[in-house]
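Student: Compute the structure for the input listed below.
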Amino acid sequence: MFKRKLLVGALFASTVACISVPAAAEIYVRVAPPAPRHEVIPAPRSGYVWAPGYWDHRNGRHVWVKGHYERERRGLYYHPSHWVERDGRWYMQRSRWDKQRYAQGPGGDRDRDGVPNRVDRDKDGDGVPNKYDASPNNPNRR
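Tutor: Numbering: from 1, shown residues only. Down below sits the predicted model:
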């Protein structure tokens, strides 16, 4: 009986040791995502926040992920997934919950859509508003 338990325990331990856990690495692509799709937002739900759809990058191509409702977390603000361009590469900023309402930096998200863009007075699209950018008209941006 004891040998059987020992054998089962050893088998279980070796199985768990072989499972690989993917590293949380930042992935970038050189191809810009397409323009966001227009989505019809369903009626508001009490205790939930709308997570808008976004373009994800899977198997070498952009794939649209539909918007959905997320259960509200008291004291935290939802920041949707979006793409950010840095040095000619596009990085995916995954959705997250944060204590700061506008966690985009100083002056960041003027239109409050969760995405720093041209509406936020950012000429070169690097996520830094012009008044805080050392080179707002960087010719190497695109």
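Student: pLDDT averaged over stretch 51-69 - what is it?
Tutor: Rounded to a whole number, the mean pLDDT of stretch 51-69 is 93.
Student: The chain should start at 823 in everything you say after this.
Tutor: Yes, from this point I'll number from 823; that puts the last item at stretch 873-891.
Student: Other residues contacting that stretch?
Tutor: 849, 851, 853, 855-856, 858-859, 861, 863-864, 867, 870-872, 892, 900, 902-905, 914, 917, 936 (C-beta atoms under 8 Å, 6 or more residues apart in numbering). C-beta here means a position set from N, CA and C on the backbone, and glycine is covered the same way.
Student: Sort out which of those are buried, if you could.
Tutor: Buried by 16 or more other C-beta atoms under 10 Å: Pro855, Val871, Trp872, Tyr900, Pro902, Ser903, His904, Trp905, Met914, Gly936, out of these.
Student: Could you dump those residues into CSV with distance to Val885 and secondary structure added?
Tutor: Converted to CSV, those look like this (distance: C-beta to C-beta, whole Å; DSSP: H, G, I helix; E, B strand; the rest coil):
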residue, distance to Val885, secondary structure
Pro855, 10, coil
Val871, 23, strand
Trp872, 20, strand
Tyr900, 22, strand
Pro902, 16, coil
Ser903, 12, coil
His904, 15, strand
Trp905, 13, strand
Met914, 12, strand
Gly936, 20, coil
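Student: least confident pick among those?
Tutor: Minimum pLDDT across those falls on Gly936, with 57.
Student: Show me where this structure dips below the pLDDT cut-off.
Tutor: Along the chain, the model assigns pLDDT under 70 to residues 823-848, 924-954, 956-964.
Student: And the helices in it?
Tutor: 824-840 (DSSP state H).
Student: Strands along that one, start to end?
Tutor: 850-851, 870-873, 876-880, 883-887, 890-893, 899-901, 904-908, 911-915, 918-920 (DSSP state E).
Student: hang on, the earlier thing: how about the buried ones among the contacts of stretch 873-891 in JSON lines, adding distance to Asn881?
Tutor: Output for these, formatted as JSON lines (distance: C-beta to C-beta, whole Å):
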{"residue": "Pro855", "distance to Asn881": "15"}
{"residue": "Val871", "distance to Asn881": "29"}
{"residue": "Trp872", "distance to Asn881": "27"}
{"residue": "Tyr900", "distance to Asn881": "27"}
{"residue": "Pro902", "distance to Asn881": "23"}
{"residue": "Ser903", "distance to Asn881": "18"}
{"residue": "His904", "distance to Asn881": "21"}
{"residue": "Trp905", "distance to Asn881": "17"}
{"residue": "Met914", "distance to Asn881": "14"}
{"residue": "Gly936", "distance to Asn881": "26"}
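Student: Cheers, nothing more for now.
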